[in-house]
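J.: Could you look at this predicted model? Sequence included:
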Amino acid sequence: MHLTVKHVTQFKFAEAATHSIQYIRMTPRADLCQRVRHWEITASGRLTPWTDGFDNHAHVATFDGEHDEVRVTVSGEITTLDTNGILPMDDGLPPYIFLTPTDYTDADDAIRKFAKPVAKVLESQGALAAGHALMAAVAEAVQYQAGQTTVETKASEALAAGKGVCQDQAHLFIAAARHLGLPTRYVSGYLAARQGNDSHLASHAWAETLVEGLGWVSFDPANDQCATDAYIRLALGLDYGTACPIRGLRSGGGLEEMDVNLRIDEQ
């Protein structure tokens, strides 16, 4: 699938800020499931490219002097391939680092209890079947509902609430999978959803679990499916905190309002 992307993120401040920094992970990874034809990131401040510890292509945008808004624009073209949601096992990252618990993905008693039925599937049918069983269980336990959680919500809190967004569902999947001994990582990206002749871009998040002998297999509890060629992989990490598309710090500025305009078109 050949896709064009336009993604504009704008932060507006109630008062003038004196210094702002945005950490941006919005450049697609070099993977077998996608090939970048053209990609550009621009910002109203100074932009510095770098590569983080998970081999994500990242930028730091720095805004000095008084300013009451920050604007980051992403535009590009990419060709995606449907690999049945499977990527190679050896991609240069130590797989067992993705067993590391984090604040977002710590497995409390409720998550350990939630994972028990999946543990039986893992023992009898293996990791691939367990991943599919866990994906279905998360989709049932945490209903997709925007506005019920925040970017700080933990997997345990989302499970207790029974509501959340793709980030929360991915965190719960990761927490349970790691508890079962399955290396699992957080993936941020885009998902194109067709509507007539147009497609609309949505920021998205899902998980990938290592299945020995097969590779990294994607699981998207929000849609109860593995990734297809409608998915664009931007960044991966242990959780949202290490793979989120954009996150910043600033001095001053008062209250903040964020406006996002995203679009994807299939060529």
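T.: Right, received. Where do you want to start?
J.: so how far is the helix ranked longest in the chain off the chain centroid?
T.: Counting by DSSP state H, the longest helix found in the chain is helix 109-125. Centroid displacement of helix 109-125 relative to its chain, using C-alpha atoms, centre = their mean, to the nearest Å, is 24 Å.
J.: buried ones in whichever helix or strand comes after that helix?
T.: Heading C-terminal from helix 109-125, the first helix or strand you meet, by DSSP states H and E, is helix 127-141. Residues of helix 127-141 classed as buried: 127-128, 130-135, 137-139, 141 (neighbour count, 16 or more other C-beta atoms under 10 Å). C-beta coordinates here come from the backbone N, C-alpha and C atoms, glycine included.
J.: now stretch 144-152
T.: Within stretch 144-152, the residues that qualify as buried by neighbour count (16+ other C-beta under 10 Å) are 148-149.
J.: ok, now stretch 226-241?
T.: Applying 16+ other C-beta under 10 Å to stretch 226-241 flags 226-240 as buried.
J.: Tell me which entries of those lie within helices.
T.: Residues of the buried residues of stretch 226-241 located in helices (DSSP H): Tyr240.
J.: Can you list the residue ranges for strands in the stretch 101-250 of the chain?
T.: Counting by DSSP state E, counting those that start in this stretch, the stretch 101-250 of the chain has these strands, from start to end: 143-144, 163-164, 184-195, 198-211, 215-219, 231-237, 246-252.
J.: Among these, which comes closest to His67?
T.: In terms of C-beta to C-beta, the element of those nearest to His67 is strand 246-252, at 9.3 Å.
J.: ok, back up a step: and Trp39, which of the strands of the stretch 101-250 of the chain is closest to it?
T.: Per C-beta to C-beta, nearest to Trp39 of these: strand 231-237, 10.4 Å.
J.: still on that earlier bit, closest to Ser203 out of the buried residues of stretch 226-241?
T.: Nearest member of the buried residues of stretch 226-241 to Ser203, counting by C-beta to C-beta, is Leu234, at 8.9 Å.
J.: In space, what's closest to that closest one - neighbours in sequence excluded?
T.: Gly189 (4.5 Å; C-beta to C-beta, 6 or more residues apart in numbering).
J.: what pairs with that neighbour across the strands?
T.: His204, Arg233 (DSSP bridges).
J.: who are the neighbours in contact with it?
T.: Gly189 sits next to 28, 203-206, 231-235 when contact means C-beta atoms under 8 Å, 6 or more residues apart in numbering.
J.: and the gap between it and Ser156?
T.: 25 Å (C-beta to C-beta, to the nearest Å).
J.: How about Arg37?
T.: Distance from Arg37 to Ser156, counting by C-beta to C-beta: 41 Å.
J.: More neighbours: these two, which one.
T.: Counted by other C-beta atoms under 10 Å, Arg37 and Ser156 do not tie: Ser156 has more neighbours, with 20 against 12.
J.: Where does pLDDT dip in the stretch 51-200 of the chain?
T.: Applying pLDDT under 70 to the stretch 51-200 of the chain picks out residues 194-200.
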